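Peer 1: sequence unavailable; structure follows:
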């Protein structure tokens with residue numbers, strides 16, 4: 001591939017290809033400029049990436065990302081002179097996808113928290129001005145994790161015929177997942193760098209949206225998992241306190257009136273987990289002392305890991321571990337926080 005550049009009215013000069021030093025160089029460039037992964041020009045929601053996301057038993061992904069729509073991206077970088085580019089890279093990225101499949105939201109979001117020291121929703125919240133855009137974010141991520149609905153992207157400096165054939169085969173057979181290869185050729189002349197991207201994916205149908213359930217369907221599913229009693233009890237306790245519940249993907253949002261808006265206070269994921277949502281409270285203006293007290297009260301509840309409650313943005317408890325008294329206590333502690341938040345807002349307005 002020949003790249004020619006010139007200054008205005010000057011002579012066209014050939015730009016020499018500048019090989020990437022190593023795969024870490026390619027990985028770092030994508031981490032710093034993840035917009036390079038989107039070569040179609042299509043407008044998509046903001047996203048965040050972390051690098052070297054450790055997956056026990058599977059090594060580390062080069063890049064793991066998620067956007068405001070809950071779409072998950074697994075990116076693996078390989079240089080053309082690496083023999084793994086022929087076959088192993090496909091098995092590698094599928095192994096990463098298989099490990100993330102069925103992972104719960106707490107573990108997934110913790111990967112970002114450990115790397116960036118901020119809650120995942122806070123990282124994305126810094127990129128969007130519309131707070132409601134993230135209201136269903138967790139539910140969408142959970143659905144994609146549960147179904148294994150990921151974007152698998154291999155990034156190379158030069159496409160090899162063997163890799164192209166594998167990608168063509170996967171797309172032609174409609175294997176239920178999509179692997180795309182992004183080829184990035186780097187050229188340099190003096191202090192000027194030219195990057196030429198090319199996506200190799202053939203015809204890729206859009207991934208179908210994950211299926212959402214009604215609350216009755218969620219109750220039916222919970223019957224099979226032995227969590228119906230806990231789930232129904234939690235819904236009844238929360239509604240009895242004058243609050244509302246809504247289905248969200250394959251889980252339930254437990255909401256309350258805060259000021260002039262309904263806010264999600266906590267939620268259940270599929271039919272297995274109940275989550276606290278500390279991650280965005282600072283962004284929503286909740287004072288630190290109130291968040292600290294809320295965490296301390298939740299940390300006393302049976303079923304939650306005390307250390308995680310005090311430190312992590314989205315600690316969870318397994319519904320199967322909770323008794324009727326535990327369910328009542330969860331509703332009570334969250335209601336107390338709602339009332340304290342409401343009182344604090346009234347004081348600010350007086």
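Peer 2: Looks like it came in fine. For clarity, every value in this text was computed on a predicted model and none was experimentally measured.
Peer 1: where do the helices sit along the protein?
Peer 2: Using DSSP state H, the helices of the chain run over residues 23-32, 88-100, 105-116, 120-125, 137-147, 161-172, 215-225, 228-240, 288-299, 306-311, 324-349.
Peer 1: what sits against the residue nearest the centre of the chain?
Peer 2: In the chain, the residue lying closest to the centroid (CA atoms, centre = their mean) is residue 66, at 3.9 Å. For residue 66, the contact set (CB atoms under 8 Å, 6 or more residues apart in numbering) comprises 47-48, 72-73, 112, 120, 124, 141. No exception for glycine: its C-beta is placed from N, CA and C like everyone else's.
Peer 1: residue 119 now?
Peer 2: Residue 119 neighbours (CB under 8 Å, 6+ apart): 109, 112-113, 278-280, 313-314.
Peer 1: tell me the least confident of those?
Peer 2: Model confidence across the contacts of residue 119 bottoms out at residue 280, which has 80.
Peer 1: where does the chain dip in pLDDT?
Peer 2: Counting by pLDDT under 70, the chain has low-confidence residues at 1, 38-45, 56-58, 84-87, 128-134, 173-177, 201-210, 350.
Peer 1: pull out the buried residues from the strand ranked longest in it.
Peer 2: Secondary structure of the chain per DSSP state E: the longest strand is strand 178-189. Within strand 178-189, the residues scored as buried using 16 or more other CB atoms under 10 Å are 178-187.
Peer 1: kindly reformat the contacts of residue 66 as JSON lines containing distance to residue 294 and neighbour count.
Peer 2: Formatted as JSON lines, those follow (distance: CB to CB, whole Å; neighbours: other CB atoms under 10 Å):
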{"residue": "47", "distance to residue 294": "29", "neighbour count": "20"}
{"residue": "48", "distance to residue 294": "25", "neighbour count": "20"}
{"residue": "72", "distance to residue 294": "29", "neighbour count": "21"}
{"residue": "73", "distance to residue 294": "33", "neighbour count": "18"}
{"residue": "112", "distance to residue 294": "22", "neighbour count": "24"}
{"residue": "120", "distance to residue 294": "19", "neighbour count": "26"}
{"residue": "124", "distance to residue 294": "22", "neighbour count": "23"}
{"residue": "141", "distance to residue 294": "23", "neighbour count": "24"}
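Peer 1: of those residues, closest to residue 236?
Peer 2: Set against residue 236, the nearest of the contacts of residue 66 by CB to CB is residue 141 (27.2 Å).
Peer 1: where's that closest one relative to residue 70, distance?
Peer 2: Per CB to CB, to the nearest Å, residue 141 is found 4 Å from residue 70.
Peer 1: next: residue 214.
Peer 2: 19 Å.
Peer 1: ok, the two, which is more surrounded?
Peer 2: A direct count of neighbours by other CB atoms under 10 Å for residue 214 and residue 70 places residue 70 higher, at 22 against 9.
Peer 1: quick check: phi and psi at the more buried one.
Peer 2: phi 80, psi 10 (degrees, to the nearest 10).
Peer 1: might you report the residue contacts of it?
Peer 2: 136-141, 143-144.
Peer 1: one more pass at 7 Å, please.
Peer 2: If you count contacts by CB atoms under 7 Å, 6 or more residues apart in numbering, residue 70 has them with 137, 140-141, 144.
Peer 1: can these go into a markdown table with extra columns for distance to residue 168?
Peer 2: Shown next, in a markdown table, are the contacts of residue 70 (distance: CB to CB, whole Å):
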| residue | distance to residue 168 |
| --- | --- |
| 137 | 34 |
| 140 | 30 |
| 141 | 30 |
| 144 | 25 |
